[in-house]
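# what shape does this take:
(chains A and B)
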Amino acid sequence: TQLLEQSPQFLSIQEGENLTVYCNSSSVFSSLQWYRQEPGEGPVLLVTVVTGGEVKKLKRLTFQFGDARKDSSLHITAAQPGDTGLYLCAGAGGNFNKFYFGSGTKLNVKP
Amino acid sequence: KAGVTQTPRYLIKTRGQQVTLSCSPISGHRSVSWYQQTPGQGLQFLFEYFSETQRNKGNFPGRFSGRQFSNSRSEMNVSTLELGDSALYLCASSFLSGSYNEQFFGPGTRLTVL
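From the prediction side, this is the model:
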């Protein structure tokens, strides 16, 4: 059983569209990270959210941590082909420094 | 600061052989974790080392082992390789600040078992 559920699993959209990726759990996390991974490479850390209700922006990407620190969302405005990749969320909690990963959302942005 | 480095980047082995992968964490990071990533299973946690001690362990057979050296560099070893061990092996380091932790990943080692 996956501790963190990501949805959707796959997303194929046209350049310029908006999208939201969700990361949900029944567990509380002390922090939550979002990563983007390109094929054959390691995940690159995009953001860490720590406080319940926190919102962080990274250019066209907006990240939100749920009030109860159990869920998070990633919203991309006006997606570009360069946003294509696998988006992973990871929650930290429980056993010290234990990270739990979602199964990922594979995004394809067509020009 | 230099990022997490992993060597080698690519490796081809045959069934029954063993392999050792290496990871150098970001300077000052004392925690190193290893993950296996396959298309079907996603990112699976192998183990985590901190100050040369294994603190967390995933659900993998004993053929998978690791260690960490006093300079925080880490190695993982897979013995008696099986076809199903073909995967991208990722190393991640983190600095345990007390308030919250972040993991930073290396580029991975692509292992192909023939």
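
# so what's residue B:76 closest to, chain neighbours aside?
Leaving out its chain neighbours, the residue that sits closest to residue B:76 by CB to CB, 6 or more residues apart in numbering or on different chains is residue B:66, at 4.2 Å. (C-beta placed from N, C-alpha, C; glycine too.)

# using CSV, write down the CA coordinates of the helix or strand harbouring the one you found.
Using DSSP states H and E, residue B:66 maps to strand B:64-68. What follows is strand B:64-68, C-alpha atoms only, in CSV (Å, rounded to 0.1, in the frame of the first residue of the first chain):
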residue,chain,number,x,y,z
PHE,B,64,21.3,-5.9,-1.1
SER,B,65,23.6,-4.4,1.4
GLY,B,66,25.4,-1.1,2.0
ARG,B,67,27.8,0.7,4.1
GLN,B,68,28.9,4.2,4.9
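
# give the pairing partners of it; include direction for each.
Take DSSP bridges as the rule and strand B:64-68 pairs in its sheet with strand B:74-78 (antiparallel).

# can you name the element that comes right after the strand it pairs with?
Later in the chain than strand B:74-78, the nearest helix or strand by DSSP H and E is strand B:87-94.

# would you mark the buried spots in stretch B:47-62?
B:47, B:48, B:49, B:50, B:56, B:60 (16 or more other CB atoms under 10 Å in any protein chain shown).

# before we move on, back to that, ok, residues contacting the strand holding residue B:66?
B:32, B:34, B:46-47, B:49-54, B:74-79 (CB atoms under 8 Å, 6 or more residues apart in numbering or on different chains).

# chain A: which of those residues is nearest?
residue B:50 (7.1 Å; CB to the nearest CB).

# correct me if wrong: the closest one contacts residue B:29.
No: at 9.9 Å, residue B:50 does not count as touching residue B:29 under the criterion of CB atoms under 8 Å.

# if we can go back for a sec, which members of the contacts of strand B:64-68 are the farthest-apart pair?
Using CB to CB, those span at most 25.1 Å, a distance reached by B:51 and B:79.

# quick one: secondary structure of the residue nearest to the spatial centre of chain B?
Closest to where the C-alpha atoms of chain B average out (CA atoms, centre = their mean) is residue B:34, at 3.0 Å. Assigned by DSSP: H, G, I helix; E, B strand; the rest coil, the conformation of residue B:34 is strand.
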